[in-house]
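Asker: Structure, please.
(one chain, ligands or ions: 1)
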Amino acid sequence: MFRIVNRLIQWTGKYKRRIYIGFVYAFIHSIFTAIPIMLAANGLSSVLDDFNGVKALESRDIWIVLGAMILAVLGRYLFSYFRAITQESVGYEATADERIRLGDILKRVSLGFFSKNNMGELSAAATTDLSFMEMYAMNMVNTVVNGYITVIVLIMFLVFYSPMAGGIALAGVLLSALFLHLLEARSHQNAPIHQKAQDDMVESSIEYLRGMQVVKAFKQEGVSIASIRKAYNDSKKINIKIEVEYMPFNCLHLFSLKAASIAIVAVAALLTYNGSMGLPTMLMLDMFSFMIFGSVEAMNNAAHVLEVIDATLDKLDGIEHAEMIDKDGEDISLQNTDIAFHDVTFSYDTVPVLRNISFSIPQGSTTAIVGPSGSGKTTICNLIARFYDVDSGEVTVGGEDVRNMTCDSLLRNISMVFQKVYLFHDTIENNIRFGNPSATKEEIIEAAKKARCHDFITALPDGYETVIGEGGSTLSGGEKQRISIARAILKNANIVILDEATASIDPENEHLIQQAISELTIGKTVIVIAHRLATIEHADQILVVDQGQVVQKGTHQQLVQQNGLYRRFITIREQAEGWSIA
Ligand SMILES: Nc1ncnc2c1ncn2[C@@H]1O[C@H](COP(=O)(O)OP(=O)(O)OP(=O)(O)O)[C@@H](O)[C@H]1O
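Answerer: Next up is the predicted model:
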């Protein structure tokens, strides 16, 4: 238990000093807890002396005892307050820092990390797991360390009056600690299972909500509900299993403390009966016996919670030690935006996706990448942005190997417009501002105008302040696309990577999107995964990709002369768009 508490304290990093100061306050608080009982016993002793005619009780003595008791009680609450304000907020502050740290790390790991790690697990780490830490971390430090500080201080007082009673109290605490240790061992096995059940619950809930449209369209509520129900059921089962398994240890832990209380009362009574202890001391020991273990009784709950915290810290450690793709990168300012692939080979796992690819894209030119689905077009774009690292060969931007650069310094130069637009659950203004956090409102409106979205935004009741539903669900596909282009226009990076929409958009929207893209790409180095004939035809260079290789390279005029994949591809597109090769 103390190992985990220590780990927890180390996790709080720069705040741990406040935790240690809190321990000192807890120690003083415990002394003030014992003092009123001693004073009450002293007062009672004086009353008895007066009653027995040994020494007359003076009113001054009564006032001194009463005053000291009031001061001790005030001292107790004061130090309890000091401890709380010093320690309690550490959990919230350390958790907030951890969330920011996780965000930074996740931004800098390879995208492969997200395929290898379960999304439910990652989401739970940043949400439910950290909320659990937020709520319980300091609570546990208080329960365990401050609890034992209180019990040790009270045992010391007890030993002062009766070594035997003190010995019994110590034996009770040690015995209860043994049962707690056994409970902890069980908990250690159950905590990861408990956490996995939690992660599965988060994962299936996210999956269910994400897939709601498909679920409804295919009337398959039953199928998706089955997996969510299984996750909830598993979580219920593990919680019941934990309760049942812990019951005997909980009982033994409490029994050993209660038995020690009773034994202290019995010993005190016996010593008083023998005449070796006065009545006031006996009453004081009785009072101690009822309150001494109060601070350690709740330790059984702490044992389990600490095991869950331990498993959570393991998980956070795993994320924190994830390899950052740019850990050796430097902040480099590019002199130009020429892009080149030199004999690049890449695989997501072991199966090669790109094989020995070489090409170059001069600054300011437009390159269209075409090819069948799954041929590797998106992968090429992902390598330019260094979402992954190549297996062999080299990708250079502005003559620099992208592996020499930090993600931030590389991505400063790149704007990406994805086919699948993601808008945050925030105002339209903030969604556009994402392209440049320091942009003024005027610059945002300017970008929105260029992206042809100003008119529809101002027609909304809250205009730029309109909060977009999660994933942009309150806007049409074309509107979302234009907002994402406004975001990229605002970023004003010199390289634009564009994944042209394949989904059919109505002609009016398509026209507006094309105008927005023209504004975005003026004077830039453009790489476009192209589907529209007009885009392909007007590109300065076309790369035809097939099965992970660049099989043809040239302008439209050059490639249509060749009897290759490009010609077949264009014929199919012409049929789809009703064109013919000139
Ligand atoms: N994250 C990933 N993990 C593993 N394999 C992947 C991943 N992304 C893509 N692939 C595989 O790599 C290959 C190339 O995919 P890529 O997305 O680059 O093709 P594409 O030409 O862009 O396809 P499309 O036109 O359908 O978008 C495909 O076989 C795909 O299944």
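Asker: Please parse this protein into its domains.
Answerer: For the chain, the structural domains run 2-320, 330-413+524-582, going by automatic domain parsing.
Asker: Of those, give the one that comes closest to Ala447.
Answerer: Nearest to Ala447 among these is domain 330-413+524-582; the distance by C-beta to C-beta comes to 14.5 Å. Using the backbone N, CA and C atoms, a C-beta is placed for each residue, glycine as well.
Asker: of all the domains of the chain, which lies closest to Leu498?
Answerer: That would be, of the domains of the chain and by C-beta to C-beta, domain 330-413+524-582, which comes in at 4.3 Å.
Asker: That closest one: how far from the chain's middle?
Answerer: 35 Å (C-alpha atoms, centre = their mean, to the nearest Å).
Asker: State the mean pLDDT of that domain.
Answerer: Averaged across domain 330-413+524-582, the pLDDT comes to 88.
Asker: wait, does it contact the ligand?
Answerer: Yes. Domain 330-413+524-582 is in contact with the ligand by C-beta under 6 Å from any ligand atom, via Tyr348, Val353, Gly371, Ser373, Gly374, Ser375, Gly376, Lys377, Thr378, Thr379.
Asker: Next, count neighbours for the last one.
Answerer: It stands for Thr379. 20 (other C-beta atoms under 10 Å).
Asker: Show the backbone phi and psi for it.
Answerer: Main-chain torsions, Thr379, degrees, to the nearest 10: phi -60, psi -40.
Asker: In TSV: the residues of domain 330-413+524-582 next to the ligand, plus secondary structure and distance to Met201.
Answerer: Shown next, in TSV, are those (DSSP: H, G, I helix; E, B strand; the rest coil; distance: C-beta to C-beta, whole Å):
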residue	secondary structure	distance to Met201
Tyr348	coil	29
Val353	strand	34
Gly371	coil	41
Ser373	coil	35
Gly374	coil	34
Ser375	coil	38
Gly376	coil	37
Lys377	helix	37
Thr378	helix	32
Thr379	helix	34
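Asker: Ala94 touches Leu8, doesn't it?
Answerer: No. Assessed by C-beta atoms under 8 Å, Ala94 is found out of contact with Leu8, at 9.1 Å.
Asker: what sits in contact with each of those two?
Answerer: Common contact partners of Ala94 and Leu8 (C-beta atoms under 8 Å, 6 or more residues apart in numbering): Ala137.
Asker: Which members of the residues of domain 330-413+524-582 next to the ligand are the farthest-apart pair?
Answerer: Pairwise distances across the residues of domain 330-413+524-582 next to the ligand peak at 17.3 Å for Tyr348 and Gly371 (criterion: C-beta to C-beta).
Asker: More neighbours: which of the two?
Answerer: Taking other C-beta under 10 Å, Tyr348 and Gly371 do not tie; Gly371 has more neighbours (24 against 13).
Asker: wait, what's in contact with the residue nearest to the more buried one when sequence neighbours are not counted?
Answerer: Nearest residue to Gly371, sequence neighbours excluded (C-beta to C-beta, 6 or more residues apart in numbering): Val545, at 3.6 Å. Going by C-beta under 8 Å, 6+ apart, Val545 touches Ile369, Val370, Gly371, Ser375, Gly376, Lys377, Ile380, Val551.
Asker: Turn the domains of the chain into JSON lines, columns for distance to Lys450.
Answerer: Listed next are those as JSON lines, based on distance: least, C-beta to C-beta, whole Å:
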{"stretch": "domain 2-320", "distance to Lys450": "28"}
{"stretch": "domain 330-413+524-582", "distance to Lys450": "13"}
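Asker: just so I know, which of the ones you listed lies nearest Asp462?
Answerer: Going by C-beta to C-beta, the one of these nearest Asp462 is domain 2-320, 24.9 Å.
Asker: Tell me the span between the first and last residue of stretch 529-543.
Answerer: 10 Å (C-alpha to C-alpha, to the nearest Å).
Asker: before we move on, back to that, so the residue nearest to Gly371, which state does it fall into?
Answerer: strand (DSSP: H, G, I helix; E, B strand; the rest coil).
Asker: again with the one 5 residues further on
Answerer: For Val550, the secondary structure call by three-state DSSP comes out as strand.
Asker: which residues sit in contact with it?
Answerer: Ile357, Ser358, Phe359, Leu543, Val544.
Asker: On the strand side of things, show who the last one bridges to.
Answerer: By that I understand Val544. Bridge pairing for Val544 (DSSP bridges) gives the partners Val370, Gln552.
Asker: you'd agree it is up against Thr367?
Answerer: No. Contact criterion C-beta under 8 Å: Val544 and Thr367 do not qualify, at 11.5 Å.
Asker: Among the contacts of Val550, name the buried ones.
Answerer: Among the contacts of Val550, the ones that count as buried by 16 or more other C-beta atoms under 10 Å are Ile357, Phe359, Leu543, Val544.
Asker: Nearest to Phe387 among the residues you listed?
Answerer: Ile357 (16.2 Å).
Asker: Dead centre of this protein: give me the residue that sits there.
Answerer: When the chain is reduced to its mean C-alpha position, the nearest residue by C-alpha atoms, centre = their mean turns out to be Ala126, at 1.6 Å.
Asker: Next, find the distance separating it from the ligand.
Answerer: Distance, Ala126 to the ligand, using C-beta to the nearest ligand atom, to the nearest Å: 21 Å.
Asker: was I right about that residue contacting Ala96?
Answerer: No. Taking contacts as C-beta under 8 Å, Ala126 lies outside contact range of Ala96: 11.8 Å.
Asker: distance between the ends of stretch 51-61?
Answerer: Using C-alpha to C-alpha, the end-to-end distance of stretch 51-61 comes out at 15 Å.
Asker: contact partners of that stretch?
Answerer: Ser46, Val47, Asp49, Asp50.
Asker: Give me the buried subset of those residues.
Answerer: Ser46.
Asker: In a markdown table, list the contacts of stretch 51-61 along with pLDDT and distance to Val144.
Answerer: Below are those laid out as a markdown table (pLDDT from 0 to 100; distance: C-beta to C-beta, whole Å):
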| residue | pLDDT | distance to Val144 |
| --- | --- | --- |
| Ser46 | 77 | 39 |
| Val47 | 77 | 40 |
| Asp49 | 74 | 42 |
| Asp50 | 77 | 44 |
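Asker: picking up where we left off before, for the residue nearest to the centre of the chain, give me its contacts.
Answerer: Ala126 is in contact with Arg99, Leu102, Gly103, counting by C-beta under 8 Å, 6+ apart.
Asker: Give me the subset of those residues lying in helices.
Answerer: Cross-referencing these against helices under DSSP state H gives Arg99, Leu102, Gly103.
Asker: Now the buried members of the residues you listed.
Answerer: Using 16+ other C-beta under 10 Å, the buried members of the ones in helices among the contacts of Ala126 are Leu102.
Asker: can you tell me how far Phe79 sits from the ligand?
Answerer: From Phe79 over to the ligand (counting by C-beta to the nearest ligand atom), the distance is 56 Å.
Asker: which residues of this structure fall in strands?
Answerer: Here the chain has its strands, by DSSP state E, at 339-347, 352-361, 366-370, 392-397, 400-401, 414-417, 495-499, 525-529, 541-546, 549-554.
Asker: Just checking: what are the partner strands of the first one?
Answerer: To tie it back to what came earlier, the one meant is strand 339-347. Strand pairing for strand 339-347, determined by DSSP bridges: strand 352-361 (antiparallel), strand 392-397 (antiparallel).
Asker: Can you add distance to Ile339 and give the ones you listed back as a markdown table?
Answerer: Output for the strands paired with strand 339-347, formatted as a markdown table (distance: least, C-beta to C-beta, whole Å):
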| stretch | distance to Ile339 |
| --- | --- |
| strand 352-361 | 4 |
| strand 392-397 | 5 |
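Asker: sorry, back to before: compare the strands of the chain and give me the one nearest Thr571.
Answerer: Once the strands of the chain are compared by C-beta to C-beta, strand 366-370 is nearest, at 12.7 Å.
Asker: In terms of secondary structure, what does the closest one contact?
Answerer: helix 377-384, strand 525-529, helix 533-538, strand 541-546 (3 or more C-beta pairs under 8 Å, 6 or more residues apart in numbering; DSSP states H and E).
Asker: burial count for Ala124?
Answerer: Other residues close to Ala124 by other C-beta under 10 Å number 25.
Asker: mind listing what it touches?
Answerer: Gln195, Gln198, Asp199, Val202, Glu203 are the contacts of Ala124 under C-beta under 8 Å, 6+ apart.
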